[in-house]
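1. What follows is a predicted protein model with its sequence.
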Amino acid sequence: MARKWFPYSLGLIMILIYSCSQSVSKKDEQNAENRIVQSEDGTISLNLEKAACYSDESNPSGNTAEWKIVISQPGRFNVWLSSATKDTTDLSYSNSVRISILDKQLEAIPACDKIISNAGELPAPYFRADSYMGSFFVSEPGEYIIQIISEKVIAKNARTPDTQITDNTMLMSLFLTPMTR
């Protein structure tokens with residue numbers, strides 16, 4: 001009797017092993033799509049469009065954007081926040097912006113440190129304003145989570161076509177640039 005069940009149980013075990021390996025590889029593919037890898041020059045560009053965003057209409061100061069990044073060249077990075085703005089003198093952030101990686105956090109109210117007037121990705125009345133937020137030191141290569149908390153983070157599903165027309169300032173991206181000696 002045991003000999004009759006052996007081929008069936010062996011087949012069942014093989015099916016389970018195959019299905020488990022398929023689900024693991026699908027998870028790996030999904031995670032690979034969500035990761036942003038450091039470029040060869042050491043820069044990490046994080047567009048808000050590629051972030052996982054969490055919005056709270058009742059308390060927008062806690063809105064969060066999150067990315068998974070892969071750092072292959074560790075070191076100290078300058079952190080720049082890019083905004084689209086109509087007013088190059090005041091970005092109109094009501095609260096400070098918090099940026100965190102590992103257990104380190106930067107907090108500042110973005111200022112217009114660099115203005116790029118002919119940024120091709122923006123429509124006519126907007127300028128790109130880059131704000132220096134501080135720097136982070138990452139000691140080892142690896143995969144990390146980086147977050148921005150700001151009222152200017154708006155989830156994709158919460159955006160409307162009018163958002164661009166009504167907002168004087170919109171958060172666009174975050175850049176980590178390696179510091180050189």
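-> Here it is on my side, so go on.
2. in this protein, which spans are helices?
-> 2-34, 163-166 (DSSP state H).
3. quick one, what contacts the most centrally placed residue in the chain?
-> Geometric centre of the chain, nearest residue: residue 67, 3.2 Å, by C-alpha atoms, centre = their mean. Residues counted as contacts of residue 67 (C-beta atoms under 8 Å, 6 or more residues apart in numbering) are 36, 46, 50, 51, 52, 145, 146. Every residue, glycine included, has its C-beta placed from N, CA and C.
4. Go through those residues and say which is closest to residue 138.
-> Distance to residue 138, by C-beta to C-beta, is smallest for residue 146 among the contacts of residue 67, at 10.1 Å.
5. Surely that closest one is in contact with residue 99?
-> Yes: at 7.1 Å, residue 146 and residue 99 qualify as touching, with contact defined as C-beta atoms under 8 Å.
6. Give the residues shared as contacts by those two.
-> Counting by C-beta under 8 Å, 6+ apart, the residues touching both residue 146 and residue 99 are residue 174.
7. what sits opposite the residue nearest to the centre of the chain in the beta ladder?
-> Judged by DSSP bridges, the bridge partners of residue 67 are residue 146.
8. Likewise for the one 10 residues further on?
-> Beta-bridge partners of residue 77, counted by DSSP bridges, are residue 136, residue 178.
9. Would you check how far apart it and residue 130 are?
-> 15 Å (C-beta to C-beta, to the nearest Å).
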